[in-house]
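Novice: Give the three-dimensional model of this entry:
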Amino acid sequence: MASKFFISLAVFSAFVFACSAINCKPNVGGKQYDFTGLKPTNGSYLFQAPFNGSTWWFQVNICDNVHPQTVAACTVNAPVNLISLDQKTCIPLGSIDVSAWDETPYKDGAMLTMFHGAMVDNITFREARIYFTCDTTNSNQLSFEHYRDCINADDKLALGAEYHFGFATKAACV
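Specialist: Sure thing, here's the model as predicted:
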């Protein structure tokens, strides 16, 4: 009986850990990418950028949740966090478990969209998009590009808050 329990626990643990990261070698638009080299060795990229009239911290991991989490206000596992400068507010901007790869709009790279972040209201959630575009200098520059609040033109229903990031990298040159 005990061995059955440990086998079940091992299978459950493998399933849970498998869901905490996504494939970092996606095939998008018939092109094979490898973004594994962009995963930060310390668990996240951390940078400041202006947002909504003030400066905020953005904490981003590639293909996985931020770990280890070093900001006490960040209590939800997330691949992207928006953090106030005083570190008292942390807003998860997406979930690695609800994410998808696609082509960038100009077909010059791959886009990772992470849905189901913190709720905006009782209907909509925040989401983060990282646009990986070709940069032959291999600068590996991650930056916050802009925020977009999506509203359906027909019924004026909010579709979600999108946070867009750019990642200029040689890894997108395929």
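Novice: My read is that His146 contacts His164, right?
Specialist: Yes - the pair formed by His146 and His164 meets the contact definition of CB atoms under 8 Å, at 5.3 Å. C-beta here means a position set from N, CA and C on the backbone, and glycine is covered the same way.
Novice: Neighbour count for the two, which is higher?
Specialist: Between His146 and His164, counted using other CB atoms under 10 Å, the more crowded position is His164 (17 against 10).
Novice: which stretch of helix or strand covers the more buried one?
Specialist: Element membership for His164 (DSSP states H and E) is strand 158-169.
Novice: for Pro50, same thing?
Specialist: Using DSSP H and E, Pro50 sits within strand 45-51.
Novice: need the next SSE after that strand, C-terminal direction.
Specialist: Scanning forward in sequence from strand 45-51 by DSSP H and E, the next helix or strand is strand 54-60.
Novice: Could you export that following strand as CSV, CA atoms only?
Specialist: Taking C-alpha atoms only, strand 54-60 is exported to CSV below (Å, rounded to 0.1, in the frame of the first residue of the first chain):
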residue,chain,number,x,y,z
SER,A,54,5.1,56.6,-12.6
THR,A,55,8.1,54.2,-12.6
TRP,A,56,7.5,50.5,-11.8
TRP,A,57,9.7,47.4,-11.6
PHE,A,58,9.0,44.7,-14.2
GLN,A,59,10.1,41.1,-13.2
VAL,A,60,10.1,38.7,-16.2
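Novice: packing partners for that strand?
Specialist: The elements that strand 54-60 packs onto, with contact taken as 3 or more CB pairs under 8 Å, 6 or more residues apart in numbering; DSSP states H and E, are strand 45-51, strand 80-84.
Novice: Sort out which residues of the shortest one are buried, please.
Specialist: Residues of strand 80-84 classed as buried under the neighbour-count rule (16 or more other CB atoms under 10 Å) are Val80, Asn81, Leu82, Ile83.
Novice: now it, how far from the centre of its chain.
Specialist: What separates the centre of strand 80-84 from the centre of its chain is 11 Å, taken as CA atoms, centre = their mean, to the nearest Å.
Novice: by contact count, what packs against that strand?
Specialist: In this structure, strand 80-84 packs against strand 54-60, strand 90-92, strand 158-169, with contacts taken as 3+ CB pairs under 8 Å, 6+ apart.
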